[in-house]
Each structure stands twice: as structure tokens, then as C-alpha cells.
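got a predicted model here, sequence first, then my questions.
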Amino acid sequence: MTPTTPFPRHLETLLRSCCAGHHLRPLFARLIVAGLVRHPLALRRLVELLALAANHPAAPLLARPLSHLYFRLAPASTTFLYNLLIRAFSRSRHHPTESLVAFSSLLRHGGRSLPDRFTFPFLVKASSNLNSPFEGQQIHSQVLKRGFQSDVYVVNTFLSMYSSFGDLASAQKLFDSSSEVLDVVSWNTIIDGYVKSGAVEVARRHFDEMPVRNEVSWSAIISGYAGKGELDMAQSLFDRMPVGRNIVTWNSMISGFARHGLLPLARKLFDEMPVRNVVSWNSMVSGYAMNGEMDLAMELFDLMPERDVVSWSCMISGYAQINWYMEALQIFKRMQLESSVKPNEVTMVSVLSACAHLAALDQGKWVHAYIDKNHMTLDDDYNLGAALIDMYAKCGSMETAVELFHALARKNVSSWNALITGLAINGAAHESLEAFERMQRSGPKSNGITFLGVLTACTHGGLVDEGRWYFENMSKVYGVQLEMKHYGCIVDLLGRAGFLEEAEGIVRSMPMKPDVMVLGALLGACRIHRDIRIADRIRCQVLNLKPQQSGCHVLLSNIYAAAGRWDDALEMRSLLKQSGIRKEPGSSSVELDGVVYEFVAGDCPNPEASTVYSWLDEMGRKLRSLGYLPVTEDVLLDLDEEDKETCLSRHSEKLALAFALLRATPQSTIRIVKNLRICGDCHLFIRHVSKLYPQQILVRDRIRFHHFKGGFCSCKDYW
DNA sequence: TACGTTCTGT
């Protein structure tokens, strides 16, 4: 069949007008019936359509059957068509593997068609997307067999591939053995490879040695120094660039300054630069966001002439990082309402994290549906799967989280970690440890975060011996290095269980200086067990901490207050005041019909206030007649008993509970999230309330979950 | 068809 074979006009029109959607299959059927499916015109258009299909939302459904259909026709096709196909799939987020399948089909069935110099770059792109060094090496050996070693395009392609895998040894080997053909792109590629793997000095040696430099060489080495925080060096290279500085070098400098907290310098460059693009704006906005300066970030964001998905993601993750989760979700909402920019995987990870922290299950489910509808993959490098598991776990829907985990095609460390941690915070300590053991047998190697989950499980289950064992064997048996956070966990575990001296011993023998979390865990234990001696002993260390985090000072003050040492308590408070730090106010949130409502202690938003207060008062009376006695010993102000009770009855979690119960249907589950730890009285109160109401009540505090039902709590009153 | 800048979290 040749291009001159007549092709019916109506089929040709159909072929041209067909777009990569569901019409492809019927079109195929008609071509087969007409005996024209191998016609060069049909094949060419077919591959173009496949190329479209590869990025089409329906691609996961279409791409595979279509490509298989295509392979049946393979003997008739040319290298050119194969390359089109390979390129189509190499760009596909969903099926980069199909590229490799197409390649091996070309090798097997290509007949006289052989891979050419254009075949390999696409293949390499696919294998980089797959993060598959093995396939990459296979392809490289094919290249060597077919004598492309003197083609500089092909060489550069593989240099870039090895660099992207972080395999600088192979890259360097190829570089050295290709010295005849190297061009400036080869040099730039290997320089960037070293920069990306953190070896700026090696990159610099190549940079100094290279015969000819272009703008890209300069921006690569500058971004190397800027990214590492060697900003003086970056600046001096930037100042003496012989070829014209371009936007990319300016942007590298801005982001270098910004990500190392030198915001005024970054801003100065940003203001001075002659032309800005969206990346310049994003670098500046993300600099502010990364450093917690969300007001400035927002100010600039609002001024942006155009915003892309990165701009929006910066703002969302920025708010999430300073724990302003409601604001993060609001920005996401704004993104959907006022822009045509589509969220990507990174956006979704940040949004899910915000939903998780707010226990905003309805919104989390919406995001899940969106991810499915847009065929985002759950097991890629962004760990969307882990983010979803984490979201469901933190919303108390552990069953869904577990189902999701099992449904994941590829499970990596993050997915296992999300499962283990999820089970741990939901009080399923044994299941969590079982999951960990399964992971050892048949899963990926565990990392530091895995052990945070394991130790958390032990803490919440009161499994002191197990916790000790895992802590002691973490590095010996599992080869995972102990970090500050693990010390925090073990101190919490031992302290909570009453082994305060042992916990204190660990704090004293730590190889690093204990941080807020570690000392806070010990102080928390002192508070639970009313141990004022240890609190006194570590008081100095606490006061030496950077005062930014008020948590420890507040805890100390509370410990003194609980022991009746009001003077010491006041001293702590005034210390806090002097340094201008404010205690993080207790707040709780609850989601109803997809809307998150937030409550601060003693302050219920109108118009519900009076109903909420009278419900609480009435409930307090009712419960007291059923045996509930307010736990006033945790009230840390110097008040008389009655005032203490009033103070308790306005705690934020009680306000949220009242608000939710007043509106909820009997079938609903009430999810309350508190930013601090639930207090003893609220815990007791809610346990009693759960006897009177059919709804399942979940309270997630800073530490863990409490599932209340029928007068009991899943934590068995141990927390 | 190959090289440089911006966004994830546990």
C-alpha cells in the first residue's frame, strides 16, 4: 500500500476531524472494514491521534488498547511513525512504559525500520519519567550496539539521563569516552548533573575547564551556588557574567536569596531586573511563603500579571506551612473560581494536607474525586496516594485509608508510612506494628518517618517495652538513623507511661541539644504525673530555648499552677509576655456540609452563640445529675472552683461539639479537630455526651484521635 | 530531538 492508493474522501474527512476522544475506536473499526488501516495516511493520522490521546484525560482508558492495536499493524510502519508513537507516550503522565513497549516492538518487528538518532531522546524521557535507571541502561547499550556513540545529540541525551538518575559516575564515564564529539550542551549537562547532586565544586571544575561557555553554563553554575546558599560566590559570578544576563540567571539569584531567608536582597534584585516572567514572580512569592511571610506573599501574588499553577500552589502550601489551613483551602477555592489554571499533583498534595489537618473529610473526598476524574496517578513521585491515605487517616476514616493502601498499584515508603502512622494515631497500635512487620518482610526499606509512626503506635498503645526495643534497635537492626524527633517520641512514650527518670536520662544522654519537642514531651509528662522535681531540673534548659515557641513556657507555667506555685507560674507568664510571645490560643474546628467552622475558647461566633451556650449549660446540668464531675484541676488560672467550671464549659472543643450536635443528623459523624491537646474535662464531658447521642464523635487533638461512642473512648482514657 | 529558573509532605 502506498500513499497514492485512493483513500475515500469521507473516511479522510472523518480521520482528520476525529480528535483523541472516545470516537477513536469506531473510527478504527471503519478503517479496518474498509481495509485501509495500514494505509500510510491512516497510520500517520493514527499516531498523531495517539499522541493526543497520551495526554487526553481519557488516556488511561484509551492509550493501552490503541497502542496494542497499533502494534498489530507494526510491520507496516516506518521508524518515523514509531518515533511519533514513542514520543507520544514519553510525554504521557500515565503510560511512559508504553514508550518502552513501542521501542521493543520496533526492535523486534521493525523489519527494515531501525531506531534512529531521534528515537532515543524520547525513550530516555520516558525512562526518566519512570525513574528507571535499569531501562535507561538497556537503552544505552542498544545505542552502543547501533553505533550512535559519535552522535552528539544522542550522547547528550544519555548524559542527561544519567544525571537525572543521579548516576554521575556513569555520566562522567560517558563524558570521558565521548571527548571527540562533546559540545557546549554536553558540558552544561554534566555541570548541571553535579549541581543537582550537590557537588558544586566538581561542577565548578568542569565549568572552569570548558572551552566555550554560553548563558546556560553560567546560569547552571550560578544556580548551583545560589541553591547551596553560597550566595557571595553566586553574586560574584553573576556580576562578572560576560555574556548577557538573562531572565533565568536573575531568577536563580532571586530564588537563591529568597530560599535562604535573605528576602530584602531577593526583592532588590526582583525590583531591579529589567524583564520579569512568571517564574520571577513565583520565585519571589514562594520566597515570602517559605519564610512564613504570607502577607507579603499575598500582596505580591495579587499584583501578578499572570498566575500559573506554581503561583497558586505556592500560596496554598505557604498557608499550609504556617498552619493556616482554612486560608489554604480558601486560596484553592479562589483558584477554581477565578482562574482557568488547573491544579496539578503538587497542588493536590498541599490541599490534601490542609484537609487532613482540618479533618475536612467532605472537602478531602471532593479532592479525591477530582484526582480520579483527572486521572492523576497515586503512586508517582508526588506521593498523592500517601497524601490521600494520610488525609483519610487524619479524618478518622481509617477503613477507607486502608482500602486505598491495598488498592495502590505500587507501594513505596511513603504509602507504608502513611498507613503505619494512620493506624497509630487512630489508636490501632497493634495493627500499626503488624503493618510495620509486613513492611519489613515484603515492603520497601523503612526510613526515619516509619519509626516515628512505630514509636507513636507504641506511645498511644502504652506499649512501653516494644517502644524501647524499636528505639534501641532502630539504627542497629534497621539501619535508620536516630533524629531529634525520635527522641521526642521515646521521651513522650516513657514519660506518659510514668517512667520519668528514664525519660530524663535519655534527654541528658542525647547526642544533640534537645529541642522544644523533646523538652516539651518531658514537661508534658511532668504535668500528667505532677512531677515538679524534674520540671525544676530542666527549667534552665527550657528557658534557654529560643522563645519563638511558647509551648514549653506555657507548660512550665501550667505545671507550677497545678502545683499551686502561683508565683512561679506567673513568672513564666510574665517571661512570655516580656518576650512578646503569645500563647497559641486553643481552637477547635468542625466541618459541617463541607464548611469548616472554627471556635476559640470562650468565643462562639454569632448568631449561634446563645443557643450554643445554653445547650452547654443545660448539658452540664444534665450530665452532673448522671454523675459527671467537672475536672477542675487542669484549669491553670488562680480562680475559685465555680469560675474554673465556667471557664471549662467554654473550651473550644465543647463549643464545637455543641454547635455540631445542634445541627447534625443522627447518622452523621462529628469530627472535631483541636490544635492543642484535649483537656481532661472535655474528654470526660464528651464521653458522657456520647452516651446520650447516637452520633459517633471524633476528636483529633494535636497528638491523636479519640473515637467516642456510647460513653467510651477509643483511647481507653490513656493519652 | 539534548543543557539553566518557580510549587509537596510524613
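Okay, I see it. Numbering: from 1, shown residues only, chains lettered A, B, ... in the order given.

the residue of the stretch 401-550 of chain A found nearest DNA strand B is in what secondary structure piece?
The nearest approach of the stretch 401-550 of chain A to DNA strand B comes at A:Ser414, 3.5 Å away (C-beta to the nearest atom of the strand). (C-beta placed from N, C-alpha, C; glycine too.) When elements are assigned from DSSP states H and E, A:Ser414 belongs to helix A:413-425.

show me what that helix is in contact with.
A:379, A:383, A:385-387, A:389-390, A:392-394, A:398, A:401-402, A:405, A:408, A:429, A:431-432, A:435-436, A:439, A:443-447, A:449-450, A:452-454, A:456-457, A:460, A:700, A:703-705 (C-beta atoms under 8 Å, 6 or more residues apart in numbering).

quick check: which ranges of the stretch 551-700 of chain A have low pLDDT?
Residues of the stretch 551-700 of chain A that meet the criterion pLDDT under 70 lie in A:551, A:580-584, A:604-606, A:633-646.

now with 80?
Low-confidence segments of the stretch 551-700 of chain A, defined by pLDDT under 80, are located at A:551-555, A:558, A:562-563, A:573, A:575-586, A:601-608, A:630-649.

circling back to that earlier point, check the residue of the stretch 401-550 of chain A closest to DNA strand B and give its pLDDT.
You'll see A:Ser414 listed with a pLDDT of 94.

quick revisit: of the contacts of helix A:413-425, which ones also sit close to DNA strand B?
Counting by C-beta under 7 Å from any atom of the strand, the subset of those that neighbours DNA strand B consists of A:Asn383, A:Ala386, A:Ala387, A:Asp390, A:Ile449, A:Leu452.

tabulate the residues you listed (a markdown table), appending distance to A:Gln481 and pLDDT.
Formatted as a markdown table, the entries for those read as follows, by distance: C-beta to C-beta, whole Å; pLDDT from 0 to 100:
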| residue | distance to A:Gln481 | pLDDT |
| --- | --- | --- |
| A:Asn383 | 21 | 90 |
| A:Ala386 | 21 | 96 |
| A:Ala387 | 25 | 96 |
| A:Asp390 | 23 | 96 |
| A:Ile449 | 12 | 95 |
| A:Leu452 | 13 | 95 |
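
in helices, which of those appear?
Among these, the members falling in helices are A:Ala386, A:Ala387, A:Asp390, A:Ile449, A:Leu452 (criterion: DSSP state H).

burial of A:Tyr594, as a residue count?
Tyr isn't right for residue A:594; it's Gly. The local packing count at A:Gly594 equals 11, with neighbours defined by other C-beta atoms under 10 Å.

mind listing the strands for chain A?
Along chain A, the segments classed as strands by DSSP state E run A:587-592, A:595-600, A:669-674, A:696-700, A:705-709, A:712-713.

residues in the stretch 251-400 of chain A within reach of DNA strand B, list them.
If contact is defined as C-beta under 7 Å from any atom of the strand, the residues of the stretch 251-400 of chain A in contact with DNA strand B are A:251-252, A:255, A:259, A:277-280, A:282-283, A:286, A:290, A:308-311, A:313-314, A:317, A:320-321, A:344, A:346-347, A:349-350, A:353, A:356-357, A:381-383, A:386-387, A:390.

in PyMOL, how would I select the buried members of these?
The buried subset of these, as determined by 16 or more other C-beta atoms under 10 Å, is captured in PyMOL by this line:
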select buried, chain A and resi 251+252+255+259+279+280+282+283+286+290+309+310+311+313+314+317+320+321+344+346+347+349+350+353+356+357+382+383+386+387+390
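
among the residues of the stretch 251-400 of chain A next to DNA strand B, which lie within helices?
The helices in this structure, assigned by DSSP H, contain A:251-252, A:255, A:259, A:278-280, A:282-283, A:286, A:290, A:309-311, A:313-314, A:317, A:320-321, A:346-347, A:349-350, A:353, A:356-357, A:386-387, A:390 from these.

A:Cys355: what's it in contact with?
With contact set as C-beta under 8 Å, 6+ apart, A:Cys355 has these partners: A:Tyr325, A:Leu329, A:Leu361, A:Gln363, A:Gly364, A:Val367, A:Met391, A:Cys395.

out of the residues you listed, who has the most neighbours?
With neighbours defined as other C-beta under 10 Å, the most crowded of those is A:Met391; it has 32 neighbours.

convert stretch A:621-632 to PDB, retaining C-alpha atoms only.
Written as PDB, here are the backbone C-alpha positions of stretch A:621-632 (Å, rounded to 0.1, in the frame of the first residue of the first chain):
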ATOM      1  CA  ARG A 621     -26.600  20.200  84.500                       C
ATOM      2  CA  LYS A 622     -28.000  17.000  82.900                       C
ATOM      3  CA  LEU A 623     -24.600  15.200  82.900                       C
ATOM      4  CA  ARG A 624     -23.900  16.200  86.500                       C
ATOM      5  CA  SER A 625     -27.100  14.500  87.500                       C
ATOM      6  CA  LEU A 626     -25.700  11.400  85.700                       C
ATOM      7  CA  GLY A 627     -22.500  11.500  87.700                       C
ATOM      8  CA  TYR A 628     -20.300  13.800  85.700                       C
ATOM      9  CA  LEU A 629     -18.000  16.000  87.800                       C
ATOM     10  CA  PRO A 630     -16.000  18.700  86.100                       C
ATOM     11  CA  VAL A 631     -12.300  18.100  86.300                       C
ATOM     12  CA  THR A 632     -11.100  21.500  87.500                       C
END
